[in-house]
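# Fold the following.
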Amino acid sequence: MQVSDERGVLYGEQALQTARRGAPDWESIHISLEVIRKGSFRAAAEYLGTSINVLRRRVDELERNLGVKLLTRHVDGVRVTSEGEKIFEVAKKMEVASYELIKAGEQTNIHLSGEVRLAVTEGLGTFWIAPCLVEFQRANPKLLVDVHCAMKSADVLRLEADVAIQITRPTAPDLRMVKLGRLHFMCFASPNYIETFGRPENAADLVNHRILVQSDDNVQWREVYDRLFPGIPASNLVALRTNVSSAHYWSIAKGGGIGVLPTYAQWIGSPLVPLDLGVNEHVDIWMAYHPDAKNIPRVARLIEWVIQSFSPEKFPWFRDEFIHPLKLMEHSHKNAQETLLSVFNSRRS
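Numbers count the residues shown, from 1 in each chain. I've put the predicted structure just below:
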């Protein structure tokens, strides 16, 4: 059997070694390039934040994989062999290509495409999510957002929606859930109503006023009514009952009567007056999604945006503690006030 000129290895053995060589990994190539650029293993180790021995081992592995001596070591540093120069010219092109790959991935991540399905309660969907979605759409112009507003929660495990926002805590054990914040409610009336019928001083005065209610089969609100008006049938007191939040809101805003609304209601689109009648209720806001949803980039983007849209730090009306509507405009979080006003002003325009 003949002997190869390279390292005195028999031709047959060299062929066998070549067949066994694996493709060089990019990390070893990158490390070798940094050793060359810094001029020594010590300087490269300091720059990369690792040990000299690790760098030497990776360079040795690369040389074994390629079957070529790339660097020679000297007292004043390292020098590239003629074979190494050819290989490192190709490696530099690989490095440029890797940066382009990262850049392309970032651009793809920025411009996600496809459809995302968001299920949300009718009130939050109409008065909060829909206006705020303008910002999300501008940041993700190629995403189609399918918003389904309904009084009942969607079943995300059955893929009725990618993400669901609801005011009842999810109970399915396999769901991922996040508490987004809290909705606070109190009584409101329009200036026109107060001018026509007067302003109630306390909850007992409500029996002399027109009461508007939203009937969504919610036990909590029936309990509130029974507590405020014990023994009085709703038919004797309620002037209007609606089944959706939007109709309930506009019936109050147009002077139909007094009703319970979220504390940010006075900035939605029509002037409203908050009434301190001892009616302060709250419900928690929950987000639910399938456990695999975050593995889908476009859904993960939606989940991240939903969490930010209910941030109690940015939007204090979603905090656990109650803040009176009149105090919200005086709140120290000016950014939150400006954001709320810009959201609803853009909606009106």
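# residues contacting Val283?
Taking Cβ atoms under 8 Å, 6 or more residues apart in numbering as the contact definition, Val283 lies against Ile167, Arg182, Leu183, Phe185, Gln220. For glycine as for every other residue, the C-beta is placed from the backbone atoms N, C-alpha and C.
# okay, Lys327: pLDDT?
pLDDT for Lys327: 84.
# and it, what are its phi and psi?
Lys327 adopts backbone torsions of phi -80, psi -20, taken as degrees, to the nearest 10.
# For the stretch 151-300 of the chain, just list every one of the strands.
For the stretch 151-300 of the chain, the strands defined by DSSP state E, counting those that start in this stretch cover 163-166, 176-189, 211-214, 238-242, 259-262, 273-275, 281-289.
# starting at the chain centroid, how far to the shortest one?
Just to be clear, that refers to strand 273-275. Averaging C-alpha coordinates over strand 273-275 and over its chain gives two centres that are 33 Å apart (Cα atoms, centre = their mean, to the nearest Å).
# can you redo the strands of the stretch 151-300 of the chain as TSV with distance to Glu195?
Listed next are these as TSV, based on distance: least, Cβ to Cβ, whole Å:
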stretch	distance to Glu195
strand 163-166	37
strand 176-189	10
strand 211-214	17
strand 238-242	17
strand 259-262	17
strand 273-275	10
strand 281-289	27
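# give me the beta-bridge partners of Gly77?
His74 (DSSP bridges).
# And for it, the neighbour number?
Per other Cβ atoms under 10 Å, the neighbour tally for Gly77 reads 16.
# thinking it is in contact with Ser40, fair?
Yes - using Cβ atoms under 8 Å, Gly77 is in contact with Ser40, at 4.0 Å.
# Quick one: classify Glu34 as helix, strand or coil.
At Glu34, secondary structure determined by DSSP: H, G, I helix; E, B strand; the rest coil is helix.
# Pull the contacting residues for it.
Ala44, Tyr47, Leu48.
# Can you give me the distance of the spatially closest residue to the second one that is not a sequence neighbour to Val90?
It stands for Tyr47. Leaving out its chain neighbours, the residue that sits closest to Tyr47 by Cβ to Cβ, 6 or more residues apart in numbering is Lys38, at 5.8 Å. Between Lys38 and Val90 the distance, using Cβ to Cβ, to the nearest Å, works out to 20 Å.
# With adjacent residues omitted, what lies nearest to Val244?
For Val244, the spatially nearest residue (Cβ to Cβ, 6+ apart) is Glu122, at 5.1 Å.
# so the helix or strand hosting Gln308 versus strand 281-289, what angle?
Gln308 is part of helix 297-309, with elements assigned from DSSP states H and E. Using axes from the mean of the first three to the mean of the last three Cα atoms, to 10 degrees, the direction of helix 297-309 lies 160 degrees away from that of strand 281-289.
# What average pLDDT does helix 297-309 get?
The model assigns helix 297-309 a mean pLDDT of 92.
# angle of that helix against strand 176-189?
In this structure, helix 297-309 runs at an angle of 40 degrees to strand 176-189, with the same axes, to 10 degrees as the basis.
# Mind listing what's buried along helix 297-309?
Within helix 297-309, the residues that qualify as buried are Arg298, Val299, Ala300, Arg301, Leu302, Ile303, Trp305, Val306, Ser309, counting by 16 or more other Cβ atoms under 10 Å.
# swap in stretch 45-56?
Buried residues in stretch 45-56, counting neighbours by 16+ other Cβ under 10 Å, are found at Ala45, Leu55, Arg56.
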